[in-house]
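Chemist: Test case, fold it:
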Amino acid sequence: MKILLADDHALFREGTRYLLRQLDEAVQVLEADSCRAAIDHAHAHDDIDLALLDLHMPGMDGIDCVVQFQHAHPAVPVVVLSGSESRLSVQAVLDVGALGYIPKSSSSQVMLSAIRLVLSGGVYLPPLLLNQETLLVDGVADAPPPCCLTERQMDVLRLLAAGKPNKLIARELGLGEGTIKVHLAGIFRAFAVNNRTEAVMAAQRRKLL
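Modeler: As a prediction, the model looks like this:
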C-alpha cells in the first residue's frame, strides 16, 4: 500500500506516518510539505492508493489544491485533513470531489476507520456534518438549507431518477465514480434519507423532479 501525505508540519507528518503503519506494516508513506510537491510526487508514483491532503498549506488555497490534484491525478482518492471543523469547509471539499474530511482533532481510531472506509470505496463524512444541529462558526450559522441542492447535485439527481447506476451517471457527467458517490452523499444528507429510492421520492415531493 502506498499513501501520499501532504502537510506543511513535519511533526504532524511524523505522527501520522506512524499511525498509518497500523493499516499495513508494509505501507509506504510519501511525504510532501506543499500541494505542488504532492502533485509532483503523484506524477512520479503512479501506484498511489490514497492521498491525504492538509487543507491549509502555504502556496495554494486548500480547495484549489484538491481541484488541481484531482485534475492531475483523477484516479487517486483524496481525503482532506484539517484543523478546521467548519461545516462549510467540509461541504466545500466534498463538493469538489474529495472522498473524506478528517478533522485533526479526531482520535487515531477515527482517522484509521475513515481511511479504511475510503480505501474500500466509501465516503467519510465526519460527525460534525452528520449532526442535524446547527453549528456556529465565528458566530455565524453555517448549516445548509435542508433541501437546497447544488446544480451538479441536481444533474446527478435527474440521472438517478432515470434509474441509471453510478457508473453511467459518472460517464454522462464526465466525472469519476468517487465524485458521484460524494454528490449522492450530499443529496442524501440534504433530504435526510438513506438510499437512492428515498432520495428520488423526497425530490418528487419537493417538486424538484
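
Chemist: Next up, identify which helix or strand Gln109 is on.
Modeler: For Gln109, the enclosing helix or strand under DSSP states H and E is helix 108-119.

Chemist: List of residues touching that helix?
Modeler: Applying CB atoms under 8 Å, 6 or more residues apart in numbering, the external contacts of helix 108-119 come out as 16, 19-20, 22-23, 49-50, 52, 77, 79, 99-100, 102, 106, 123-124, 126. C-beta coordinates here come from the backbone N, C-alpha and C atoms, glycine included.

Chemist: try it again with 7 Å
Modeler: Contact partners of helix 108-119, identified using CB atoms under 7 Å, 6 or more residues apart in numbering, comprise Leu19, Gln22, Leu23, Asp49, Leu50, Pro77, Val79, Leu99, Gly100, Ile102, Tyr124.

Chemist: pretty sure the first one is in a strand, no?
Modeler: No - under DSSP: H, G, I helix; E, B strand; the rest coil, Leu19 sits outside any strand and is assigned helix.

Chemist: Go through the helix holding Gln109 and flag the buried ones.
Modeler: Along helix 108-119, the positions that meet the burial threshold by neighbour count (16 or more other CB atoms under 10 Å) are Met111, Leu112, Ala114, Ile115, Leu117, Val118, Leu119.

Chemist: if we can go back for a sec, okay, the contacts of helix 108-119 in TSV with pLDDT and neighbour count next?
Modeler: Conversion of those to TSV gives the following (pLDDT from 0 to 100; neighbours: other CB atoms under 10 Å):
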residue	pLDDT	neighbour count
Leu19	94	15
Gln22	92	13
Leu23	90	16
Asp49	93	17
Leu50	95	21
Pro77	90	24
Val79	95	24
Leu99	86	27
Gly100	89	25
Ile102	93	21
Tyr124	85	22
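
Chemist: between the residues you listed, which is closest to Leu159?
Modeler: Closest to Leu159 out of these is Leu99 (19.9 Å), distances taken as CB to CB.

Chemist: I'd say the closest one and Ser120 touch.
Modeler: No - using CB atoms under 7 Å as the test, Leu99 is too far from Ser120 to be in contact (10.8 Å).

Chemist: okay, stretch 116-129 in CSV with CA atoms only?
Modeler: Below are the C-alpha coordinates for stretch 116-129, written out as CSV (Å, rounded to 0.1, in the frame of the first residue of the first chain):
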residue,chain,number,x,y,z
ARG,A,116,-10.2,2.3,5.7
LEU,A,117,-13.7,3.4,4.6
VAL,A,118,-12.4,5.4,1.7
LEU,A,119,-9.9,2.7,0.7
SER,A,120,-12.8,0.3,0.5
GLY,A,121,-14.7,2.7,-1.9
GLY,A,122,-16.8,4.6,0.6
VAL,A,123,-17.1,8.3,1.5
TYR,A,124,-16.2,9.5,5.0
LEU,A,125,-18.4,12.2,6.5
PRO,A,126,-17.4,13.5,9.9
PRO,A,127,-19.9,13.5,12.8
LEU,A,128,-19.9,17.3,12.7
LEU,A,129,-21.6,17.2,9.3
